[in-house]
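Colleague: Quick check, what structure comes out for this input:
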Amino acid sequence: MLNKILPLLLLTIGSNAQQKELSFPSGMYTESIPSPSAELVGTVKAYNESRSAAMMSWHPMRNEMLIGTRFGNTQQIHQLKMPMGSRQQLTFFDDAVKDANFNPLNGSYFIFSKDNGGDEFAQLYRFDFSDKKTTLLTEGGRTQNGNTVWNESGNKILYTATTPGNGNRNVYLLNPMHPEERKEVIRNEGGGWSIADWSKDEHQILLNQSFSVNETCIWRFDMSNGSKIKILPRQAERTVYNALDYGKNNDEIYLLTNKSSEFTYPALFHISTGKLEPLVKNLSWDVNSYMINKTKTQAAYVVNEAGVSKLFIQNLNTLEVTSVAIPVGVVGNPVWHADNQRLAFSLSTYQSPNDVYVYELKNKKLIRWTESEIGNMDLSQQKAPQLVQWKSFDNQLISGFMYQAPQRFTGKRPVMISIHGGPEGQSLPNFLGRNNYYLNELGITIIYPNVRGSVGYGKTFTDMDNGFKRKESVKDIGALLDWIQQQPELDASRVMITGGSYGGYMTLACAVDYSSRIRCALDVVGISNFKTFLQNTESYRRDLRRVEYGDERDSAMARFFDEISPGLHADKIAVPLMIVQGKNDPRVPYTESTAMVETIKGMNKTPVWFMMANDEGHGFGKKNNQDFQFYSTIMFVKAFLLN
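Modeller: Now for the predicted structure:
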């Protein structure tokens, strides 16, 4: 039975003097997966207890902030009042809280969003510090709410919400203290809309409309007469224009664009004259973020140099740029304090999880605000990830990050290839968390490739897998298998492929095409049939995905989908397969996984392990489910990659 439910298991681990019971999730459906032993659970415990911290929002008047971190089963909002201070938990939900924003007037409350069971239909809530109570602000149901932007006075917000049934993403106006008075102010067509900024006089709203990763445009909505005018591009042009903020007046717009360039750079656009003024020139890498302070005098921006973040501060009056010395790693979510003198951001390195840092402009100091625990992991022998490159079938240069097993492991090392999702994503040299177990305890080397279609290497590279070019990214993995065979320290006879979402599709496609060259494959929330995926993914995503993958309603594309969909060629899979799925996944519906499992089972050719969490969506977010997935994956790896 596919829906065989795993009974609640209680395992006793530890010594007789101090025993601890560990319960596995009762809502986890499994097939063919053995129960983890108490010995395994105890062995991997040191790798299960790391946590991280993410910057959310500065208090508007004080030197304190809201961060996201986990002390229980899911990420919740915590208040942090000083560097390295105690984290005071404010929200207590079964599901993770994704973001939070202080009321910019006095910080008496904050707004946050949360979904149910990973369904991504997030609602907005208000948390009041006066009584610690939470109030629902949005209408609930199957609507996706977010992208909040405050007015200058700090007493109203604009936010976007999807329309049930058709996926349109409209703009609403709301007073958080009187949510019953919310009203629709902009009606849009399609799901790719977001709010960039709201002018100080509250008359103008800047909107971004996204068609694909390499095609976005900017609109301006006039609150006084209801007109909506496209500002950029002014003619038909397939280019990225992402509005960020109004400038010092309503005629100036700060934006990110890749016009006449392979890479994204910041610019200032003058609406009346049509002049586009680049602010940073001669870039050979993308600017990932460009955050402008409240007085429009300074901007902080992050350059993605082959995956490594470089942080800069720019004077907006002189355009002078200053480099900020930070540890080698990946920067996320820079946020200016209202005093314009402090910049907070999150930073991850290969040896430390995501933590919050603050750069103080006045004294040019970098101050660490959190230091998250890594459990009992011993990373003393951890090697820095190595940037590796190989040529694909067409001589296109492909790269990735290789995390090598410690030197105490001798001989050729087995390899795990982990492919990112998106496909408009990028593998970065981040902290591996529990995946350090594969390196340190099992001696497996892990490679994180950035196949064609990844971002960060120019818009031409990102477009290389679109439509009928889909299988060319799979060939990039075939070329990586060739490269592994040439490396004296790697064992080409012991290779495992894994990935999530689009990386899950890549995993299944590799299992179809390269079964004779790999040992096993692990697919997490992957696409098995592009036609059924596009028909069943949530409506607010469907048109955006058709631009990337192709339109299944076109007969030629439908035939091509039949050629490349792994579920229709499962007879070619000759290696053990593990499939992981969340029942509430709105992106890749669970039917993509169940159909694949049933197909493989019907052929009775190769083992297939399956798990599906009833309270998860596009990947597991709850620690108890993550732990169980980890135990099962280790058993799968030991049984089919190492054995």
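
Colleague: When you work out contacts or count neighbours from here on, use the C-alpha atoms and nothing else.
Modeller: OK.

Colleague: Where do the strands of the stretch 501-643 of the chain begin and end?
Modeller: Assigned by DSSP state E, counting those that start in this stretch, the stretch 501-643 of the chain shows strands spanning 520-524, 577-582, 608-613.

Colleague: can you put those strands in a markdown table and add mean neighbour count?
Modeller: A markdown table is the format used below for the strands of the stretch 501-643 of the chain (neighbours: other C-alpha atoms under 10 Å):
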| stretch | mean neighbour count |
| --- | --- |
| strand 520-524 | 27 |
| strand 577-582 | 26 |
| strand 608-613 | 24 |
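
Colleague: Is it possible to get JSON lines of those that adds mean pLDDT and distance to Gln407?
Modeller: Output for the strands of the stretch 501-643 of the chain, formatted as JSON lines (pLDDT from 0 to 100; distance: least, C-alpha to C-alpha, whole Å):
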{"stretch": "strand 520-524", "mean pLDDT": "98", "distance to Gln407": "25"}
{"stretch": "strand 577-582", "mean pLDDT": "98", "distance to Gln407": "30"}
{"stretch": "strand 608-613", "mean pLDDT": "97", "distance to Gln407": "32"}
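
Colleague: got those as a markdown table, with distance to Phe110 columns?
Modeller: Shown next, in a markdown table, are the strands of the stretch 501-643 of the chain (distance: least, C-alpha to C-alpha, whole Å):
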| stretch | distance to Phe110 |
| --- | --- |
| strand 520-524 | 34 |
| strand 577-582 | 30 |
| strand 608-613 | 31 |
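
Colleague: what's near enough to touch the residue nearest the centre of the chain?
Modeller: Residue closest to the average C-alpha location in the chain (C-alpha atoms, centre = their mean): Gly425, at 8.0 Å. Each residue near Gly425 by C-alpha atoms under 8 Å, 6 or more residues apart in numbering is listed here: Ser454, Val455.

Colleague: One more: Met55?
Modeller: Met65, Leu66, Ile67, Gly68, Asn333, Pro334, Val335, Ala344, Phe345, Ser346, Asp355, Val356.

Colleague: Of these, which belong to strands?
Modeller: Those of these mapping onto strands are Met65, Leu66, Ile67, Gly68, Asn333, Pro334, Val335, Ala344, Phe345, Ser346, Asp355, Val356, per DSSP state E.

Colleague: Looking at those, which one is closest to Val388?
Modeller: Comparing the ones in strands among the contacts of Met55 against Val388 with C-alpha to C-alpha places Ser346 closest, at 25.9 Å.

Colleague: The closest one: neighbour count?
Modeller: 25 (other C-alpha atoms under 10 Å).

Colleague: Tell me what it is bridged to.
Modeller: Gly332, Val356 (DSSP bridges).

Colleague: Ok, Cys217 next?
Modeller: Counting by DSSP bridges, the residues bridging with Cys217 are Gln209.

Colleague: For it, which residues are in contact?
Modeller: Neighbouring residues of Cys217 by C-alpha under 8 Å, 6+ apart: Asn208, Gln209, Ser210, Lys230, Ile231, Leu232, Pro233, Thr239, Val240, Tyr241, Asn242.

Colleague: Run through the neighbouring helices and strands of the helix or strand hosting the fifth one.
Modeller: Using DSSP states H and E, the secondary-structure element containing Ile231 is strand 228-232. Under the contact criterion of 3 or more C-alpha pairs under 8 Å, 6 or more residues apart in numbering; DSSP states H and E, the helices and strands touching strand 228-232 comprise strand 215-222.
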